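[1] when you get a sec, could you give me coordinates for this:
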Amino acid sequence: MAAGAAVTADAAITIDGAAQGDPGCAGGTASRSGAVCCPTELCGGACGGTGCEALPGGVENCCATGVLVLSRPCSSHGAPCALRAARRLQKSAQPTPTPTPQPVTQPVSSAQPTAPPTRVPTGKPSAAAAAATHTPTQAPTTRRPTTRQPTTRQPTTRKPTARPSAATARPTTLRPTTSRPTTRQPTSKPVLGGGTVGTLGSVRRATTIAVLPGPPTPNLFQREASYKMTVDALTYFMKVPDLLQRPDTFYNPVKDALSRGRKVQVVLEFVGTSGLRQINDGAYDEHLKALARTAKADGRQIYLRPLHEFNGDWYDWGVYNAKNNGDIQMFKNAFRRVVNTLRSNGAPFKYQIGYNVGNGQGKPTPLSDFYVGDSYVDQICVTAYNRAGLDGNEVSRSYYDILSDAYDKLTHLPAGVSSNTKELCVGELGTTAYNTNKPRWIAETWDTLATKFTRVTTITWFLENKGAANWDLNTPPEIDAWVAGYKRFKETTKP
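    A predicted model of the protein is given here:
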């Protein structure tokens with residue numbers, strides 16, 4: 001995840017809502033027009049003027065038009081912020097609209113989530129990338145912080161791996177936009193909404209917000225202190241080999257989070273496997289028994305997500321990985337074996353099946369074909385990211401655009417496949433800052449999840465930079481938007 005630089009004193013002041021700020025721009029650099037105050041370090045001591053968009057902080061931090069769109073008065077915020085002299089300019093400063101996006105088709109324990117390779121960004125990152133002190137990373141775009149869109153094929157089907165710093169790797173031909181993304185409505189079935197308060201499909205419903213806070217710092221609890229808020233749950237990625245190699249410590253992060261009053265989701269990664277056949281042959285049964293015994297001794301319930309993003313090709317357990325030859329039944333058998341082994345050894349788990357928003361290699365296989373049956377599933381999860389600037393995806397897409405097709409299909413599984421009474425979860429969610437007004441995208445996504453995708457009850461935000469993918473909250477405006485959106489989401493959905 002992002003480095004500690006993302007958590008600043010200014011962020012805490014803004015979130016807290018106190019009437020403090022920097023009205024004289026003492027802590028930043030004022031533009032020559034006196035319109036805005038820019039962060040000195042990010043903008044190299046410059047502010048506004050010709051070429052401001054090429055400065056490390058990008059438009060949102062270093063250009064008057066970009067700063068004004070953020071609506072951050074210096075009377076209550078630090079840089080980037082608008083000075084009093086900017087009021088007349090603000091009326092005329094309008095963001096340049098971007099074209100309507102067209103569809104295309106890890107919490108940490110001791111281990112880090114594995115990630116497949118991703119291309120270098122095709123657009124210039126905004127301040128998010130420049131502010132991060134940790135090398136920036138969905139999962140694949142049709143996968144993770146790489147995920148994708150409502151067509152049968154999603155262009156972003158892979159999860160980004162660590163690449164060189166975004167600051168050195170990115171080209172400068174594209175620049176972040178400050179415009180509001182256009183939302184395209186699907187032409188298929190309408191998204192569910194309404195319903196009785198507190199029931200499945202109601203706007204007002206019980207919800208769980210989880211965070212994968214990523215290394216090295218800040219961890220979730222440090223973030224909460226700085227953001228002046230708490231989240232409901234923590235998501236951890238746990239590697240199966242650790243279950244035997246570190247029997248006394250692998251479960252400690254889970255225990256710690258539970259003891260702090262958080263719910264926990266564990267994503268179980270079968271790293272190093274030769275494929276699904278090895279799981280079906282029982283090669284990991286002893287590992288799973290060790291996990292079950294430890295969890296049973298602890299006695300507290302968690303959610304477990306094995307073989308996540310199984311409909312991709314980037315993981316060894318993915319159906320479309322060459323090791324598995326597209327054998328969907330082999331995946332189903334492996335998933336059921338994992339659940340049966342854990343259950344028979346007393347594990348107090350609930351189980352999530354974790355789809356990627358689009359299939360690997362653009363395969364048109366219906367998502368329902370992978371479903372393992374209601375008796376093995378407590379929640380149906382989907383990984384879906386806005387991968388603007390990665391893997392050739394130059395256009396930023398709204399979250400409605402990204403998720404609506406998969407959401408529609410997973411809430412209308414065929415009769416005989418599912419009773420369609422399962423809760424949905426967003427297993428991984430995030431956005432880059434390339435070609436994107438990231439604070440606005442975050443705010444709109446919170447509202448979309450609250451009122452449009454009403455079968456979704458659990459959401460994990462992936463707040464970790466991975467190579468060129470700057471998923472974390474890397475600037476004060478991004479932090480502000482995320483915290484305000486969280487509070488608004490909770491108020492809107494409160495039963």
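[2] can you give me the strands in the protein?
    Taking DSSP state E as the criterion, the chain contains strands spanning 29-30, 36-38, 81-82, 208-212, 233-239, 263-269, 302-306, 349-356, 379-386, 423-431, 456-462, 465-466, 469-470.
[3] for residue 226, find the nearest of these.
    strand 208-212 (13.2 Å; CB to CB). Backbone N, C-alpha and C define where each C-beta goes, glycine included.
[4] can you list the strands that that closest one pairs with?
    With DSSP bridges as the criterion, the sheet partners recorded for strand 208-212 are strand 233-239 (parallel), strand 456-462 (parallel).
[5] got the angle between the first one and strand 423-431?
    If I follow you right, that is strand 233-239. 80 degrees (axes from the mean of the first three to the mean of the last three CA atoms, to 10 degrees).
[6] quick one: strand 233-239 to strand 263-269, angle?
    20 degrees.
[7] can you pull the contacts of residue 52?
    Applying CB atoms under 8 Å, 6 or more residues apart in numbering, we find residue 52 in contact with 43, 46, 59, 62-64.
[8] for the residues you listed, name the two members farthest from one another.
    46 and 59 (13.0 Å).
[9] coming back round to it: format the contacts of residue 52 as TSV; extra columns: pLDDT.
    Below are the contacts of residue 52 laid out as TSV (pLDDT from 0 to 100):
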residue	pLDDT
43	83
46	93
59	74
62	84
63	84
64	85
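[10] out of those residues, who has the most neighbours?
    residue 62 (31 neighbours; other CB atoms under 10 Å).
[11] just confirm it contacts residue 41, I think it does.
    No: under the criterion of CB atoms under 8 Å, residue 62 is not in contact with residue 41, lying 11.0 Å apart.
[12] distance check, the nearest residue to residue 473 once chain neighbours are set aside against residue 59.
    Nearest residue to residue 473, sequence neighbours excluded (CB to CB, 6 or more residues apart in numbering): residue 479, at 4.7 Å. The spacing between residue 479 and residue 59, counted by CB to CB, to the nearest Å, is 18 Å.
[13] one more: residue 242?
    When distance is defined by CB to CB, residue 242 is 43 Å away from residue 59.
[14] before we move on, what about residue 270?
    Residue 270 is 43 Å from residue 59, by CB to CB.
[15] and what of residue 31?
    The value you get for residue 31 to residue 59, if CB to CB is used, is 13 Å.
[16] pretty sure residue 490 contacts residue 206?
    No: with contacts counted by CB under 8 Å, residue 490 stays clear of residue 206, the gap being 10.8 Å.
[17] which one's more surrounded, these two?
    Higher neighbour count among residue 490 and residue 206: residue 490, with 15 against 12, using other CB under 10 Å.
[18] for the nearest residue to that one once chain neighbours are set aside, grab the count of nearby residues.
    Using CB to CB, 6+ apart and skipping the chain neighbours, the partner closest in space to residue 490 is residue 207 (7.2 Å). For residue 207, the count of nearby residues is 20 (other CB under 10 Å).
[19] isn't residue 207 right next to residue 491, touching?
    No: judged on CB under 8 Å, residue 207 makes no contact with residue 491 at a distance of 11.1 Å.
[20] isn't residue 247 up against residue 289?
    No: using CB under 8 Å as the test, residue 247 is too far from residue 289 to be in contact (11.2 Å).
[21] the more surrounded of those two?
    Higher neighbour count among residue 247 and residue 289: residue 289, with 18 against 14, using other CB under 10 Å.
[22] for the closest residue to that one other than its chain neighbours, grab the count of nearby residues.
    Setting aside the residues directly before and after it, residue 289 is nearest to residue 345 in space (CB to CB, 6+ apart), at 5.0 Å. Neighbour count of residue 345, defined by other CB under 10 Å: 16.
[23] what's the spacing between residue 345 and residue 336?
    For residue 345, the distance to residue 336 - CB to CB - is 15 Å.
[24] in the protein, which helix or strand is least confident?
    Scoring the helices and strands of the chain by mean pLDDT, DSSP states H and E places helix 9-16 at the bottom, with a mean of 31.
[25] pretty sure residue 429 contacts residue 384?
    Yes: Residue 429 is within contact range of residue 384, at 6.4 Å (criterion: CB under 8 Å).
[26] on that earlier part again, may I see the strands of the chain arranged in TSV, with mean pLDDT as well?
    Converted to TSV, the strands of the chain look like this (pLDDT from 0 to 100):
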stretch	mean pLDDT
strand 29-30	94
strand 36-38	90
strand 81-82	89
strand 208-212	97
strand 233-239	96
strand 263-269	98
strand 302-306	99
strand 349-356	99
strand 379-386	99
strand 423-431	98
strand 456-462	98
strand 465-466	94
strand 469-470	96
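[27] could I get those as a markdown table with distance to residue 50?
    Putting the strands of the chain into a markdown table (distance: least, CB to CB, whole Å) gives the following:
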| stretch | distance to residue 50 |
| --- | --- |
| strand 29-30 | 16 |
| strand 36-38 | 15 |
| strand 81-82 | 20 |
| strand 208-212 | 40 |
| strand 233-239 | 44 |
| strand 263-269 | 47 |
| strand 302-306 | 50 |
| strand 349-356 | 43 |
| strand 379-386 | 30 |
| strand 423-431 | 29 |
| strand 456-462 | 37 |
| strand 465-466 | 30 |
| strand 469-470 | 26 |
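[28] point out the most buried one among these.
    For the strands of the chain, average neighbour numbers computed from mean count of other CB atoms under 10 Å are highest in strand 469-470, which has a mean of 37.
[29] that strand packs against which elements?
    With contacts taken as 3 or more CB pairs under 8 Å, 6 or more residues apart in numbering; DSSP states H and E, strand 469-470 sits against no other helix or strand.
[30] okay, now the sheet partners of it, with direction.
    Partner strands and pairing direction for strand 469-470 (DSSP bridges) are strand 465-466 (antiparallel).
[31] show me the domain layout of the chain.
    What the record gives for the chain is the domain set 4-92, 208-493, from automatic domain parsing.
[32] let me know which of these is tucked in deepest.
    The highest average neighbour count among the domains of the chain, using mean count of other CB under 10 Å, belongs to domain 208-493 at a mean of 21.
[33] what's the end-to-end length of it?
    11 Å (CA to CA, to the nearest Å).
[34] any low-confidence regions in the stretch 201-350 of the chain?
    Within the stretch 201-350 of the chain, the stretches with pLDDT under 70 are 216-217.
[35] can you give me the helices in it?
    220-227, 242-245, 252-259, 276-280, 285-298, 328-344 (DSSP state H, counting those that start in this stretch).
[36] closest one to residue 423 among the ones you listed?
    Of all those, helix 328-344 comes closest under CB to CB, at 17.3 Å.
[37] for the closest one, packing partners?
    The elements that helix 328-344 packs onto, with contact taken as 3+ CB pairs under 8 Å, 6+ apart, are helix 276-280, helix 285-298, strand 302-306, strand 349-356.
[38] need those in JSON lines with distance to residue 330, can you?
    Converted to JSON lines, the helices and strands packed on helix 328-344 look like this (distance: least, CB to CB, whole Å):
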{"stretch": "helix 276-280", "distance to residue 330": "5"}
{"stretch": "helix 285-298", "distance to residue 330": "17"}
{"stretch": "strand 302-306", "distance to residue 330": "14"}
{"stretch": "strand 349-356", "distance to residue 330": "15"}
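[39] out of the ones you listed, the one nearest residue 388 is which?
    Among the helices and strands packed on helix 328-344, strand 349-356 sits nearest to residue 388 (CB to CB), with 17.6 Å.
[40] right, I'll call it a day here.
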